[in-house]
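>>> Dropping the sequence and predicted coords here.
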Amino acid sequence: MVLSLFGLESLKKTLPEVEATILKKLNQWSTLDIVGIKDSTASMILNLTVKNLISHGAENSSENLRENFVAFIKGLVSFPLNIPGTAYHKCLRGRKKAMKMLKSMLHERRMMPRKENTDFFDYVLVEMEKKGTLLIEGFAPDLMFVLLFASCETTSLALPIDIRYLSNNPLVINERARLANIVPGIF
């Protein structure tokens, strides 16, 4: 099921959209004095992933989903003190709200199924209808939450490290440019 979203064929289809989004963001960032790479890329990646996982675009209040994820992530490694106002309490509340949104979307999609599978939610619904499946209704929103979390956090943590490495090692950039001139289309 995950390969239907992140597999080679799916990536071929989504790569132009990802490239367009990145170019648009880079253009926006070029006008700013300072850019918080981790938060900015996390937001961008979450919006892209949400769109491809559950066809939930920015026009469908993905910012609300983003706020819940931010609260969850900030409290994930906090002291586990469940008192209102603490990072841990906000983490639990953010996850609960995000899960409520995902469950609601799953319920809506089950009531109005699509004729063609266009996002990951569609594949989840097909899998849930199979006999003997391990994917039950209670687990599906958890799976969606984990995939959103994993796609957003891994890339948004890696990119600032990559940018720092490249900015501290201009020889790497020069070598890339040299290779691109030798073997056109390699990068």
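It's in.
>>> What distance do you get for L143 to K90?
From L143 over to K90 the distance is 23 Å, taken as Cβ to Cβ, to the nearest Å. For every residue, glycine as well, the C-beta is placed using N, CA and C.
>>> oh, I was asking about S40
S40 sits 21 Å away from K90, going by Cβ to Cβ.
>>> and I22, what pLDDT?
pLDDT, I22: 86.
>>> Next one: the spatially most central residue of the chain relative to F120, how far apart?
The centroid of the chain falls nearest to L46 when counting by Cα atoms, centre = their mean (3.3 Å). According to Cβ to Cβ, L46 and F120 sit 14 Å apart.
>>> got a list of what the nearest residue to V18 once chain neighbours are set aside touches?
Once flanking residues are discounted, V18 sits nearest to L48: 6.2 Å by Cβ to Cβ, 6 or more residues apart in numbering. Shown in contact with L48 (Cβ atoms under 8 Å, 6 or more residues apart in numbering): T14, E17, V18, T21.
>>> Are any of these buried, and if so which?
Burial by neighbour count, 16 or more other Cβ atoms under 10 Å: within the contacts of L48 this picks out T14, T21.
>>> For A180, state which of the contacts of L48 is nearest.
Lowest distance from A180 to the contacts of L48 (Cβ to Cβ) belongs to V18, with 20.3 Å.
>>> Let me know the pLDDT of G57.
On the pLDDT scale, G57 is placed at 57.
>>> For the chain, which segments are assigned as helices?
2-6, 8-29, 37-54, 62-75, 87-111, 120-129, 140-168, 170-182 (DSSP state H).
>>> buried sites along the longest one?
When you say that, I think you mean helix 140-168. So for helix 140-168, counting by 16+ other Cβ under 10 Å, buried means 140-141, 143-145, 147-149, 151-153, 155-156, 159.
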